[in-house]
Structure formats: structure tokens, C-alpha cells
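>>> what follows is a predicted protein model with its sequence.
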Amino acid sequence: MKALTRSGNPDVARALANIVWLGLERLTQIAVAIVISGLLARYLGPDAFGKWQYANTLLLVIAPITWVCGAEILVPTIVKEPPARTGVVLGSAFVLRIAVSAIALVMTWTWIAAGFTDPLVGAMLAGLAFTMLFREPFIGVINAWLQSMTYSKPQLIASMFTAIVKAALVYAFVRMAMSAASFGWLWALEAAAIGGVLVVYYMRRHGGRLGWHFDRALFRHFASAGTVFWIGLICMYLFLKLDRLMLAHRVSFAELGLYSAAQQLNENWIALALMLAQTIAPAFVYRVTDTAQLKRNLWRLFALTAVLMVAGAAVLDALAGFIITRVFGPNYAGATEIFRWAVWLSVPAGIEAIGNLVVLKYQAKYVLLAKWLLALGVAFAVNAFAIPRFEGYGALIGLAAGYLAAASVNFYYIRLRLSA
């Protein structure tokens, strides 16, 4: 790490160090997620584990509602405003996010209390949903400030440390035979701990004071700016979880648990493709101004991603039985065939992630929205036809169709944008 700081350009050194810490944090999160999934799968059994995964799916569909005033709006505003205005910028964003998060939490708890979901799913979701009060209002706002300085290390270290502690607490809860509903509150505790650490860090950097203030004009700007990006991200996350949402209405929770076990591992594998895209984006896409060079870089990245994803999927396919039984136990052997097919989704997912970099580079918000609306519509239509006939395999077909639709929009936009 110290070698990075010897670079002649301090901005490059900070960016490289940031990338290293991002990579360490992502790998830690992936490892912890696999360990926790294995512990819970063995402890809860396929039926309750299916309910746990469904509760997480519901949270990941609800949580994007709180992503109002995203980093693509907040970070440039922090950079543009003078340092004396940082407290006003962060305070206004915090008020907006805490208000939206509180409304989302109350609506979620009301929906649970009304009995619109399985009682155990609702009990699990009640604790998980509490994370919304901390993720975007506290962690998200301070992380935007850190990003504006290209210095995410404090947040990444806090995330790594709390993830490891959470895994230890999950193990302790399993040993104490705690109720299935109690595990969701560990996620809320983790979010609260990260938020608390970042608030303390921010205050130490500002003379022991938080110094956040509300500005009505900035509040209105944050509420309206980035709305298209916000809706697009909501559509994206709904697309990514649509398979489990629709599958839950056609199969038992035990069968959903098997499918979710396979997808849990597969999503961690796909996360590596997204991490690769985030890592290489600044140097090979965002900072490139020459169109011809950008085209060359893109085709090289497409080829490299395809090769890596195909090679990785082939290895995971071959080792599927060993991996599933080692992580989740023999009761989940039925997830092996689903996992063998699911890992190949990493190929279109990786290709889509690279193409999406061009959409983000040119801030093509309507393209982003149209892309995920199309992917969501295609996946819904395919799922409606395929899931009743092929169950879990039909859900994979729907995901594949959605990814291909999204990638097609990326290619069409790249062709139009870079044709000059």
C-alpha cells in the first residue's frame, strides 16, 4: 500500500489506493456472505432458509426507494461547493434521505403488520428493514463526502470490520439456537455501527462538531435532480430480484431455499465482474476522450471480460457439487444443477457491466432508465411463461433474457454515441 503513495501524481496515488481498499472490502464482503449463508442454511434448513432469502429479496426491492439523491448528484455538488458549504450540502441531503427512509420503514412495517406476507418472513424483514434508517442517511451521505476526496478507506475499513463481527455474531446466535427472526436485527446493528463510526470520524475531521445544516433550495434540488437515475436503479434492482419474487408464488419455500442457495453463490461470483468494471472504469473509459481509443479499449474489455467469465463459469460448473455441499451441506444437494446453469449468467452480466460504463460516462440517464425498464419487462414476460413450466430453470431463463435485453441497449447506444 505504501508503494502506491510514492506515485508522482497524488491524485493517481489516492485513486490507486482507493481501488485496492475497494477490492479488499469487496472480497471480504463476498467471503463473509458465503460463510454466513452456509451457517444459516445449515441451521435454518431449506424451508426457513428460503424464507430468509425471500425476506432479503423483499428488502433489496424496497431499499432502492431510499436511494434518492444518489452519489452521481451528491458527490459533484460537494466538489463544486466551497468547503464552508459542505455542512449545508450534507445536512440537506441527510434530511431528504432520512425522511424518505423513515417513510419506507413505516410503510414496510405496516405492510408486515397487515399480514401481506408469511409471518416468519415478516418477522425477519422487520429487523432487516431497520437498516434503511442508517444505510443512506448516515453511511451514504458521509461516504459521498469521502468519495469527493477520493478517500473511501474509513468507510471500507468500517464495513470490513463490522462484516467480520457480524459473521461472528451469526455463529454465536446459531450456537445459542436463537430464533430465525432474530438474525435480521444483526444486519440492523451492523448498519448502525458503521453509521456511528463514520459520524464520529466526520466530527473528528471537523473539530468535534457535526455542523450539518438544512437549506431549502438544496433540498428541492436534491429531491428533483437525479430522479431518472433513481427510478432506473429501482428498476435494475427489481429486475435482479424478480426471479425470486415470481418463483416464490409457484414453489414451496424449501424449493425457493434451494434456488436461493445457488443464486447466493452465483451473485457473489457476478459481483466480481462488477468489481472488475468499477476498478478499470476510470482509467480505460471515464478518462478517455479520444473516440477511437475508447472504442479499442471497449472491445478489449469486452473480450477480456468474456474470457474471464467463461473460464470462471466453466470451473464453477465443474465443481458445482463440491461447492454446494461444502458451503450449504448435504441437504442442499438439489441446488447443484441450478448452480451449474446459474454461473453462466455471469457472461451476459459481465458484458452488460462493461457496456454500462459508456452509459455512465456520458450520464445517459434516459438510456439507463429505458434499458432497465426493457430488461424488467422482458424478464417478467419470460418468467410468466417459463416459471410455471420449468420452475427454477425458468427463472434463470428470465434473468438471461433480461441481461441480453440490457446488453443490447448498451450496444445500440455505444454504436450511436461513438459512431462519429
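Nice, thanks for sending it over.
>>> which helices and strands does the worst-scoring helix or strand of the chain on mean pLDDT pack with?
The weakest-scoring helix or strand in the chain, judged by mean pLDDT, DSSP states H and E, is helix 253-281 (a mean of 83). For helix 253-281, the elements it packs on are helix 10-62, helix 227-247, helix 291-318, helix 320-328, helix 336-342, helix 346-361, helix 392-417, judged by 3 or more C-beta pairs under 8 Å, 6 or more residues apart in numbering; DSSP states H and E. C-beta here means a position set from N, CA and C on the backbone, and glycine is covered the same way.
>>> let's see it at 6 Å
helix 10-62, helix 336-342, helix 346-361 (3 or more C-beta pairs under 6 Å, 6 or more residues apart in numbering; DSSP states H and E).
>>> can you check which of those gets nearest to Leu376?
Leu376 lies closest to helix 10-62 among the helices and strands packed on helix 253-281, at 11.5 Å (C-beta to C-beta).
>>> what's the angle from the closest one to helix 253-281?
Between helix 10-62 and helix 253-281, the angle comes out at 160 degrees (axes from the mean of the first three to the mean of the last three C-alpha atoms, to 10 degrees).
>>> what mean pLDDT does helix 10-62 have?
Here helix 10-62 scores 87 as its mean pLDDT.
>>> could you export stretch 117-126 as CSV, CA atoms only?
Only the C-alpha atoms of stretch 117-126 are listed here, as CSV (Å, rounded to 0.1, in the frame of the first residue of the first chain):
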residue,chain,number,x,y,z
THR,A,117,-46.6,-11.9,3.8
ASP,A,118,-45.7,-15.1,5.7
PRO,A,119,-45.4,-14.4,9.4
LEU,A,120,-41.8,-15.7,9.7
VAL,A,121,-40.8,-13.7,6.5
GLY,A,122,-42.3,-10.6,8.0
ALA,A,123,-40.5,-11.1,11.3
MET,A,124,-37.2,-11.5,9.5
LEU,A,125,-37.9,-8.5,7.3
ALA,A,126,-38.8,-6.3,10.3
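>>> so for that stretch, mean pLDDT?
The pLDDT scores in stretch 117-126 average 96.
>>> what do you get for stretch 322-330?
Averaged across stretch 322-330, pLDDT comes to 93.
>>> can you check stretch 361-370 too?
When pLDDT is averaged along stretch 361-370, the result is 91.
>>> mind listing what's buried in it?
By neighbour count with 16 or more other C-beta atoms under 10 Å, stretch 361-370 contains the buried residues 364-365, 367-370.
>>> quote the end-to-end distance of it.
17 Å (C-alpha to C-alpha, to the nearest Å).
>>> need the buried residues of stretch 361-370 in CSV with distance to Pro348, can you?
CSV is the format used below for these (distance: C-beta to C-beta, whole Å):
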residue, distance to Pro348
Ala364, 20
Lys365, 23
Val367, 18
Leu368, 17
Leu369, 20
Ala370, 18
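>>> which ones among those map onto helices?
Among the buried residues of stretch 361-370, DSSP state H puts 365, 367-370 in helices.
>>> count the neighbours of Gln53 for me.
A total of 27 residues lie near Gln53 under the criterion other C-beta atoms under 10 Å.
>>> OK, contacts around it?
The contact partners of Gln53, by C-beta atoms under 6 Å, 6 or more residues apart in numbering, come to Ser260.
>>> how close does it get to Ile231?
As judged by C-beta to C-beta, to the nearest Å, Gln53 and Ile231 stand 26 Å apart.
>>> for Glu81, find the nearest of the helices and strands packed on helix 253-281.
When the helices and strands packed on helix 253-281 are compared by C-beta to C-beta, helix 10-62 sits nearest Glu81, at 19.6 Å.
>>> relative to helix 320-328, how tilted is the closest one?
Going by the same axes, to 10 degrees, helix 10-62 makes 80 degrees with helix 320-328.
>>> which helix or strand lies directly C-terminal to helix 10-62?
helix 71-80 (DSSP states H and E).
>>> mind listing what's buried in that next one?
71-75, 77-78.
>>> check stretch 200-208 too.
With the criterion 16+ other C-beta under 10 Å, stretch 200-208 contains buried residues 201-202.
>>> from now on call the first residue 37
Taking 37 as the first residue, the last one we looked at is stretch 236-244.
>>> ok, and what's touching it?
Residues outside stretch 236-244 that contact it (C-beta under 6 Å, 6+ apart): 178, 190, 246.
>>> starting at the chain centroid, how far to that stretch?
Between the mean C-alpha location of stretch 236-244 and the chain-wide mean there is a distance of 28 Å, by C-alpha atoms, centre = their mean, to the nearest Å.
>>> average model confidence for that stretch?
95.
>>> repeat that for stretch 329-341.
The model assigns stretch 329-341 a mean pLDDT of 90.
>>> the closest residue to Met282 other than its chain neighbours and Ser444, how far apart?
Excluding its sequence neighbours, the residue lying closest to Met282 (C-beta to C-beta, 6 or more residues apart in numbering) is Asn419, at 4.7 Å. For Asn419, the distance to Ser444 (C-beta to C-beta) stands at 18 Å.
>>> before we move on, what about Ala417?
Using C-beta to C-beta, Ala417 is found at 15 Å from Ser444.
>>> who's more crowded, these two?
Ser444 (16 against 13).
>>> got a list of what that one touches?
Per C-beta under 6 Å, 6+ apart, neighbours of Ser444: none.
>>> at 10 Å what do you get?
Ser444 makes contact with 388, 391, 407, 410-411, 414, according to C-beta atoms under 10 Å, 6 or more residues apart in numbering.
>>> next: Arg121.
Neighbour list for Arg121: 113-114, 249, 251, 254 [criterion: C-beta under 10 Å, 6+ apart].
>>> between the residues you listed, which sits nearest Met143?
In terms of C-beta to C-beta, no member of the contacts of Arg121 lies closer to Met143 than Leu254, at 25.7 Å.
>>> just give me the neighbour total for Tyr267.
For residue 267 the amino acid is Ile, not Tyr. By other C-beta under 10 Å, 16 other residues sit near Ile267.
>>> thinking it is in contact with Tyr273, fair?
No. Here Ile267 lies out of contact with Tyr273, judged by C-beta atoms under 10 Å, at a distance of 11.2 Å.
>>> next, the contact list for the nearest residue to Leu94 once chain neighbours are set aside, please.
In space, and not counting its chain neighbours, Leu94 is closest to Leu161: 5.6 Å by C-beta to C-beta, 6+ apart. Shown in contact with Leu161 (C-beta under 10 Å, 6+ apart): 87-88, 90-95, 98, 144-145, 147-148, 153-154, 217, 220.
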